[in-house]
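J.: Quick one, fold the following:
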Amino acid sequence: MNTKSQLLTKVKPQFNTNRPRRHVGILGGTFNPIHMGHLVIAEQVYEQLCLNKVLFLPDKIPPHKNVKKEHPSISSDDRIEMIKMAIRDNIHFDLDLTDINRGGVSYTYETIKLLKQYNPDTEYYFIIGGDMVENLPDWAHIDELVNMIHFVGVCRKGFEKKSKYPILWVNTPELEISSSMIRDRVKKGQSIKYLVPDEVEEYIKDRGLFLD
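T.: Numbering: from 1, shown residues only. Below you'll find the model as predicted:
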C-alpha cells in the first residue's frame, strides 16, 4: 500500500460523502515518557498510509496496567509537557487530550466514540504494536471497534502478522526502546541521550522525574 489511492480503495465512508474525508492516525499510550521509538512509529505510519495527521493520545488510566505501581510520582501534566516538546517540530503530529479530559479508565471504545462524534468526516487509524494484536479479542467492545476504526499493526520480530480482525500492517525500523527501560536508566543514573528528544531529556533531569 504505497499510495493514497490504493489506501482509499479499502476505505468505505460511513458519513456524509459530500464533504472531504480526513485520514488521521492515533498513537495512544501512557507516554511515560515519550521516546524516539514512538516518534519513529508515528512518522512511518503517517508516511506509509498517506495520512493527514497523527494524534498522540495519552491515557489517563490505562485499562491493562498497574499505573500506581509503575510510576507513582509522574503526573499527567508532566507527560503532556514531554509530548508537546517531542512533537513540536513536526507539523503532521498533534496532541489530543480526549482521554485526559474525560478522566477515569481510558477505554479505546469510549475514546473513539467521542472522536467520531466531534469529527464525523474523519477516518481513524489506531496504531498498535504487533505484540498487542493477539490481545485484541480481550479489548472492550472490540467487535464494535473494528467497524469504527482501522487497526494498524506495527510489525515486531517474534509475532505473526495474523489476526481474525482486519489489520493494516506497517513495517518500521525496530528500535529497542521502551518507556520502562528509560525510567530504569534514569533511576540508575545512566544516560538516556538519543533515546528521547533533547528537550525531554532536560525536562526529566530538571524535574527529577523517575527517581523514586
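J.: Give me the secondary structure label for the most centrally placed residue in the chain.
T.: Closest to where the C-alpha atoms of the chain average out (C-alpha atoms, centre = their mean) is residue 27, at 1.6 Å. Per DSSP: H, G, I helix; E, B strand; the rest coil, the secondary structure class of residue 27 is strand.
J.: Dig out what it forms beta bridges with.
T.: residue 56, residue 127 (DSSP bridges).
J.: which ones are touching it?
T.: Residues near residue 27 by C-beta atoms under 8 Å, 6 or more residues apart in numbering: 38, 41-42, 45, 54-57, 127. C-beta here means a position set from N, CA and C on the backbone, and glycine is covered the same way.
J.: Can you show me the strands along the chain?
T.: Secondary structure of the chain (DSSP state E): strands at 22-29, 53-58, 93-95, 122-129, 150-154, 167-170.
J.: list the helices and strands the fourth one packs on?
T.: In terms of contacts (3 or more C-beta pairs under 8 Å, 6 or more residues apart in numbering; DSSP states H and E), strand 122-129 is packed against strand 22-29, helix 36-48, helix 108-118, strand 150-154.
J.: what's the angle from that strand to strand 22-29?
T.: Interaxial angle, strand 122-129 versus strand 22-29 (axes from the mean of the first three to the mean of the last three C-alpha atoms, to 10 degrees): 30 degrees.
J.: For strand 122-129, the averaged confidence score.
T.: For strand 122-129, mean pLDDT rounds to 96.
J.: Run the angle between that strand and strand 53-58 for me.
T.: Going by the same axes, to 10 degrees, strand 122-129 makes 60 degrees with strand 53-58.
J.: Relative to the whole chain's centre, how far out is strand 122-129?
T.: Distance of strand 122-129 from its chain centroid, counting by C-alpha atoms, centre = their mean, to the nearest Å, is 8 Å.
J.: Could you export that strand as CSV, CA atoms only?
T.: Extracted C-alpha coordinates of strand 122-129, given in CSV (Å, rounded to 0.1, in the frame of the first residue of the first chain):
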residue,chain,number,x,y,z
THR,A,122,-12.6,11.6,9.8
GLU,A,123,-11.3,8.0,9.3
TYR,A,124,-9.2,7.0,12.2
TYR,A,125,-6.2,4.6,12.1
PHE,A,126,-5.4,3.2,15.6
ILE,A,127,-1.7,2.2,15.8
ILE,A,128,-0.7,-0.8,18.0
GLY,A,129,2.4,-2.9,18.3
